[in-house]
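**Student:** Here is a sequence together with a model predicted from it:
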Amino acid sequence: MATTESMPEQTKHAGIPLAEFVEDVDSYMQRASNESAEVVLKRLDEQHNKYKFMEYNLNTKKARLKSQIPDIKTSLDIVKHLQSRKDSTDPVETRFLLSDQVYAKAKIPPTEKVCLWLGANVMLEYTIDDATSLLEKNLDAATKNLTQVDDDLSYIRDQTTTLEVNMARVYNWDVKRRQAAQGSKS
C-alpha cells in the first residue's frame, strides 16, 4: 500500500486540481490557448468559482461529520454502559428522548442485544459486542474523514490563493501592456 507521501498531489486531495502558479506572465500569455488577457481572466475566474464550490461542499461535509462524531460517541458510551451492566440483575433506570424537550422514564433490563439507528429510517438489532465494534469502526472512519476533509480544505485554500495571485498578475500585466500601447500611440 502506498504511503501518503508517495501519492501524487492529484490523488491526495479528493480530485482537487492543482492551480499552476504563473511565474512569468509574458511567457504564460504567449501560449496558444491564451488568446487575450480577458479570455485568460475568464478561464481563471471559472476555475476560481469551481474551487469556491468545492470549498463549500467540503465545509458542508465537515459540518455533517462534526455533528455526527458526538452522536456516535454518545451511542458508543451507552452501549459500553449496557455492556458493563449486562451481568447485573438490576435494571438500568434512564430517561430517553421522545421528541424535542420531551423525555420518558425507562427501566432497561440487562440485555445481550441493542438496536442501532443506521439512518434512512433503518434500525437493526445487534449483539452488544457487534454494536460496540460497529460504532468504534464508524467513529474511526468519521474521524479519519474529518481529518481528510480538513486537509482538503487547507489544500483548496492554497490553490485558491495561488489562483487569485495569478488573476492579479495577469490583470496587472494587461494594464501595463495597455498603458505601454497607449504611451506609444501618443
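**Tutor:** The structure has been received and is ready for your questions.
**Student:** Flag the helix or strand of the protein with the lowest per-element mean pLDDT.
**Tutor:** helix 9-12 (a mean of 53; mean pLDDT, DSSP states H and E).
**Student:** Now do the buried residues in the next helix or strand after that helix.
**Tutor:** Using DSSP states H and E, the helix or strand that directly follows helix 9-12 along the chain is helix 25-29. By neighbour count on 16 or more other CB atoms under 10 Å, the buried set for helix 25-29 is 25, 28-29. The C-beta positions use only the backbone N, C-alpha and C, and glycine is treated the same way.
**Student:** How about stretch 149-156?
**Tutor:** 149, 152-153, 155-156.
**Student:** quick one: the helices in the chain?
**Tutor:** Secondary structure of the chain (DSSP state H): helices at 9-12, 25-29, 37-84, 128-185.
**Student:** tally of neighbours for residue 67?
**Tutor:** Residues near residue 67, counting by other CB atoms under 10 Å, number 9.
**Student:** Tell me, what's the model's pLDDT at it?
**Tutor:** Note on residue 67: pLDDT of 94.
**Student:** now do residue 104
**Tutor:** 94.
**Student:** go on, the one 3 residues further on?
**Tutor:** Each residue has a pLDDT score; the one for residue 107 is 90.
**Student:** so it bridges to which residues?
**Tutor:** Note on residue 107: beta-bridge partners by DSSP bridges are residue 93.
**Student:** Mind checking the helices of the chain for the one nearest to residue 108?
**Tutor:** helix 37-84 (7.2 Å; CB to CB).
**Student:** Grab the nearest non-local neighbour of the residue positioned nearest the centre of the chain.
**Tutor:** Computing the C-alpha centroid of the chain and ranking residues by CA atoms, centre = their mean puts residue 149 first, at 3.2 Å. Computed as CB to CB, 6 or more residues apart in numbering, the closest residue to residue 149 that is not its neighbour in sequence is residue 62, at 4.8 Å.
**Student:** That neighbour: neighbouring residues, count only.
**Tutor:** Applying other CB under 10 Å, we find 16 other residues in the vicinity of residue 62.
**Student:** before we move on, back to that, could you take the helices of the chain and lay them out as JSON lines, with extra columns for distance to residue 121?
**Tutor:** Compiled in JSON lines, the helices of the chain are given as follows (distance: least, CB to CB, whole Å):
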{"stretch": "helix 9-12", "distance to residue 121": "36"}
{"stretch": "helix 25-29", "distance to residue 121": "54"}
{"stretch": "helix 37-84", "distance to residue 121": "16"}
{"stretch": "helix 128-185", "distance to residue 121": "18"}
